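> got a structure for you, letters missing:
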């Protein structure tokens, strides 16, 4: 799994909030709900916020999706609409501009196949605009797509492939889709994360590759990701945290056992767990057993969200007719 990365601005926000009593110098945070769907927007506006959050200046959106999403087509459509609503302000294209959508990841490994699966459901129109312009609505934007594979199977850096394509077709914006490695069990397959500062493939599992961003490619890069795996140490740490929290609830407040539990340093505990597990399991990644169904559902949700955002002249019904 070479292209899984970690990019969880919402987690950085939560940590920073605890350490600074809810204050966010250089950071703006907005939370809202769209029915059962929670949307958190973190805007890093200056260098102070950049240093505090450990993320570049830009916009980061996290969409918390209901657990039943993977089994309910109506909720899937709702999440797609919310995703499109978050994407539209970042895209800023007119109908003559070209968008390149890139599906990062390894299609042979299910939890890493999100990007390629999204591309298979994308409304691709650039060739139609060029070859049969009279047969396609003039309001439809030109969209092209790419699944560059991973370094281990192509022998070529993903970023190099994308840069070569960008140099040839000269798109106005890139949208990258990738699987993520989560720092929280509860977020695996439960959040869609969007950022407008680019992406570093593989960084979540220690395989950092060439950065894909405006700095390296010269055009805006929007990243969309879903945490599909969690490492074994994180899973063990979260489980122990749940046990400690439950014991604190049952212990007598102010007692010796209670005080001992409250004094546990969670960061130290995480490091200790990593040191203990590493000789036995290394960088073991874990994913839910129903990952096939989840990746299939999420790829539809993300593809439709991108389709709606890139083709504002069409409704979801029209897009589905076009795709199917």
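Nice, I can see it. These numbers come from a predicted model, not from an experiment.
> What is the burial count for residue 71?
The number of residues packed near residue 71 is 10, by other Cβ atoms under 10 Å. Heads up, the C-betas are built off the backbone N, CA and C, glycines and all.
> Equivalent analysis for the one 10 residues further on, please.
As a burial measure, the neighbour count of residue 81 was computed by other Cβ under 10 Å and equals 17.
> Look at it and tell me its secondary structure.
Classification of residue 81 using DSSP: H, G, I helix; E, B strand; the rest coil returns helix.
> so how far is residue 198 from it?
Distance, residue 81 to residue 198, using Cβ to Cβ, to the nearest Å: 25 Å.
> Residue 42 too?
According to Cβ to Cβ, residue 42 and residue 198 sit 16 Å apart.
> again, but for residue 55
Distance of residue 55 to residue 198, computed by Cβ to Cβ: 11 Å.
> List the buried residues in the helix or strand harbouring residue 162.
Per DSSP states H and E, residue 162 falls inside helix 158-169. By neighbour count with 16 or more other Cβ atoms under 10 Å, helix 158-169 contains the buried residues 158-159, 161-163, 165-166.
> Could you do stretch 98-113 as well?
Applying 16+ other Cβ under 10 Å to stretch 98-113 flags 98-107, 109-113 as buried.
> what does stretch 254-272 give?
Applying 16+ other Cβ under 10 Å to stretch 254-272 flags 258, 261, 270 as buried.
> Same question for stretch 215-232.
Within stretch 215-232, the residues scored as buried using 16+ other Cβ under 10 Å are 217, 220-232.
> So which of these belong to strands?
Secondary structure from DSSP state E places 221-231 of the buried residues of stretch 215-232 in strands.
> List just the nearest of these to residue 304.
Proximity of those to residue 304 (Cβ to Cβ) peaks at residue 224, which lies at 12.3 Å.
> Pairing partners for the spatially closest residue to the closest one that is not a sequence neighbour in the sheet, please.
Excluding the flanking residues, the one nearest residue 224 by Cβ to Cβ, 6 or more residues apart in numbering is residue 177, at 4.9 Å. Beta-bridge partners for residue 177, by DSSP bridges, are residue 103, residue 224.
> Would you map the helices across the stretch 51-200 of the chain?
All helices of the stretch 51-200 of the chain, identified by DSSP state H, counting those that start in this stretch, fall at 73-91, 114-120, 126-131, 151-154, 158-169.
> Columns mean pLDDT on top of those, output as TSV?
Conversion of the helices of the stretch 51-200 of the chain to TSV gives the following (pLDDT from 0 to 100):
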stretch	mean pLDDT
helix 73-91	92
helix 114-120	96
helix 126-131	80
helix 151-154	86
helix 158-169	94
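> and these, which is most packed in?
Most buried of those, by mean neighbour count (mean count of other Cβ atoms under 10 Å): helix 114-120, with a mean of 24.
> just checking, what packs against it?
strand 99-103, strand 173-182, strand 221-231, helix 291-310 (3 or more Cβ pairs under 8 Å, 6 or more residues apart in numbering; DSSP states H and E).
> Run through the stretch 201-324 of the chain and note the low-pLDDT ranges.
The stretch 201-324 of the chain contains residues with pLDDT under 70 at 201-209, 322, 324.
> Let's see that with 80 instead.
201-210, 266-267, 270, 278-283, 316-324 (pLDDT under 80).
> What segments of it are helices?
Using DSSP H, counting those that start in this stretch, the helices found in the stretch 201-324 of the chain span residues 214-217, 232-250, 256-262, 266-281, 291-310, 316-323.
> contact partners of the last one?
Think helix 316-323. 77, 80-81, 121, 123, 303-304, 307-308, 311, 314 (Cβ atoms under 8 Å, 6 or more residues apart in numbering).
> between those residues, which is closest to residue 65?
Nearest to residue 65 among these, with distances taken as Cβ to Cβ, is residue 80, at 10.4 Å.
> Quick check: the gap between the closest residue to that closest one other than its chain neighbours and residue 146.
Distances taken as Cβ to Cβ, 6+ apart place residue 304 nearest to residue 80, at 3.8 Å, with adjacent residues excluded. Distance check for residue 304 against residue 146: by Cβ to Cβ, it reads 19 Å.
> who has more neighbours, these two?
Set side by side, residue 304 and residue 146 show more neighbours around residue 304, with 25 against 21, by other Cβ under 10 Å.
> Now for that one: which residues touch it?
76-77, 80, 84, 121, 316, 319-320.
> Then residue 277?
By Cβ under 8 Å, 6+ apart, the contact list for residue 277 reads 232-233, 236, 284.
> let's see it at 6 Å
Residues near residue 277 by Cβ atoms under 6 Å, 6 or more residues apart in numbering: 232-233.
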